[in-house]
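>>> Structure, please.
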Amino acid sequence: MNDDILQFCNETELLALCRSQGIGSLKRGIPREVLIDIVRGASDPAPDHFSETQKTRASLQLFIANHWGQVASQLPGCNGKCETYPCSDGRHARCYNP
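This next block holds a predicted model:
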């Protein structure tokens, strides 16, 4: 990705780029320069950069995988890959704890 374009992205867009690249769900408040480096692949995220929902995303993903036949119709547009699917933490919380 062109680095110049990343300078125009806001925090939400940069976090979405991380999720879409399979990096995972990172939390808000990471310094902008660090976040851009992570998106560019110039650095790896530190353990404390990950969102607090990483554990619940892994748990929900396992549940969905084990029950895909029963829950697929309740997840329109979702592929069941909670650890990398680009939904917000708020959307994940609603799915995890309806």
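
>>> all helices of the protein, in order?
3-6, 11-20, 32-40, 54-66, 68-71, 89-96 (DSSP state H).

>>> which of the ones you listed has the lowest average pLDDT?
Among those, helix 3-6 carries the lowest mean pLDDT, a mean of 82.

>>> ok, residues contacting it?
14, 36, 39-40 (CB atoms under 8 Å, 6 or more residues apart in numbering). Bear in mind the C-beta positions are built from the backbone N, C-alpha and C, glycine included.

>>> one step back: can you tell me which of the helices of the chain is nearest to Leu26?
helix 11-20 (5.2 Å; CB to CB).

>>> residues in contact with that closest one?
The contact list for helix 11-20 (CB under 8 Å, 6+ apart) reads 1, 6, 9, 24-26, 28, 32, 35-36, 38-39, 45, 84-86.

>>> Buried members of those residues into ChimeraX, please.
This is how ChimeraX selects the buried members of the contacts of helix 11-20, with burial counted by 16 or more other CB atoms under 10 Å:
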select :6,9,24,25,26,35,36,38,39,45,84,85
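
>>> for the contacts of helix 11-20, which one is nearest Pro76?
Tyr85 (12.6 Å).
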